[in-house]
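Engineer: below are the sequence and a predicted model for it; my questions follow.
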Amino acid sequence: MITAFKNRLLIWLVVLLMIANAGIIAMFWIEKSTQPMPRKGAPKDFLVKELKLDAKQQEQLEILVKEHQQAAKELRQKIRTEKETFFNLLKQANVSDSVKQAAARNISIQTEALDIITLNHFKKIRALCNTTQQKKFDEILLEITAMIGQPRPPMGQGRDHQGPPRGGPDGDRPPPPEN
């Protein structure tokens, strides 16, 4: 009698777990289908397509993109250097708060400069556009900024790479975990 009760209980538990698993899988599937698909391709290609840029505008856009990429690359390197300096403070004993704040401020200054050149870059792109294109640009601006802000997977690995990306969109290392 006791074994029959245990067997019946186990059968019901297995059935209940199977129903719960099916429900959870269905929820993930439904949630995934309602989320917009991420845009593929370069932000530049997305702009050309969405704004319907003519050949002259595309040439000007190419120049602006190259200028921005070079300036941003230099600033990202400065940010990386400032962060290395900041975290090298861990190696020193008795670092004052003012030294820590100054090092953190140096990182902030470079990050601010990067944000400003990016804003100016978008202003220049918007200036390339005619009135209709400017309205469309204003509508898709957040999509574009999301595209350029997405971290890229490490070299040689696809988008389905498991685990956190190494560094952020600009290659910065994350701070060490707090103890």
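Structural biologist: Structure received.

Engineer: mind listing what's buried along the helix or strand encompassing residue 78?
Structural biologist: Using DSSP states H and E, residue 78 sits within helix 55-88. Using 16 or more other Cβ atoms under 10 Å as the test for burial, helix 55-88 gives 57, 60-61, 64-65, 68, 71-72, 75-76, 78-80, 82-83, 86. C-beta: built from backbone N, CA, C; applies to glycine.

Engineer: where along the protein do the helices fall?
Structural biologist: Assigned by DSSP state H, the chain shows helices spanning 2-34, 43-51, 55-88, 97-128, 131-149.

Engineer: looking at the first one now, give me its mean pLDDT.
Structural biologist: The reference is to helix 2-34. For helix 2-34, the mean per-residue pLDDT is 84.

Engineer: make residue 1 into 242 and carry on from there
Structural biologist: Taking 242 as the first residue, the last one we looked at is helix 243-275.

Engineer: packing partners for it?
Structural biologist: With contacts taken as 3 or more Cβ pairs under 8 Å, 6 or more residues apart in numbering; DSSP states H and E, helix 243-275 sits against no other helix or strand.

Engineer: correct me, but residue 287 touches residue 386?
Structural biologist: No. At 11.5 Å, residue 287 and residue 386 do not qualify as touching, with contact defined as Cβ atoms under 8 Å.

Engineer: where does this protein dip in pLDDT?
Structural biologist: In the predicted model of the chain, residues 242, 273-282, 390-420 satisfy pLDDT under 70.

Engineer: domain map for it?
Structural biologist: Per automatic domain parsing, the structural domains of the chain span 242-276, 284-390.

Engineer: tell me the most buried of these?
Structural biologist: Mean neighbours per residue, mean count of other Cβ atoms under 10 Å, is largest over the domains of the chain for domain 284-390, with a mean of 14.

Engineer: just how off-centre is it within its chain?
Structural biologist: 13 Å (Cα atoms, centre = their mean, to the nearest Å).

Engineer: what's stretch 287-304 in contact with?
Structural biologist: Residues external to stretch 287-304 that are found in contact with it (Cβ atoms under 8 Å, 6 or more residues apart in numbering): 280, 285, 366, 369-370, 374, 377-378, 381, 384-385, 388.

Engineer: would JSON lines of those with distance to residue 349 be doable?
Structural biologist: Formatted as JSON lines, the contacts of stretch 287-304 follow (distance: Cβ to Cβ, whole Å):
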{"residue": "280", "distance to residue 349": "30"}
{"residue": "285", "distance to residue 349": "29"}
{"residue": "366", "distance to residue 349": "26"}
{"residue": "369", "distance to residue 349": "31"}
{"residue": "370", "distance to residue 349": "32"}
{"residue": "374", "distance to residue 349": "34"}
{"residue": "377", "distance to residue 349": "34"}
{"residue": "378", "distance to residue 349": "29"}
{"residue": "381", "distance to residue 349": "29"}
{"residue": "384", "distance to residue 349": "27"}
{"residue": "385", "distance to residue 349": "24"}
{"residue": "388", "distance to residue 349": "25"}
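
Engineer: fine, thanks again, bye for now.
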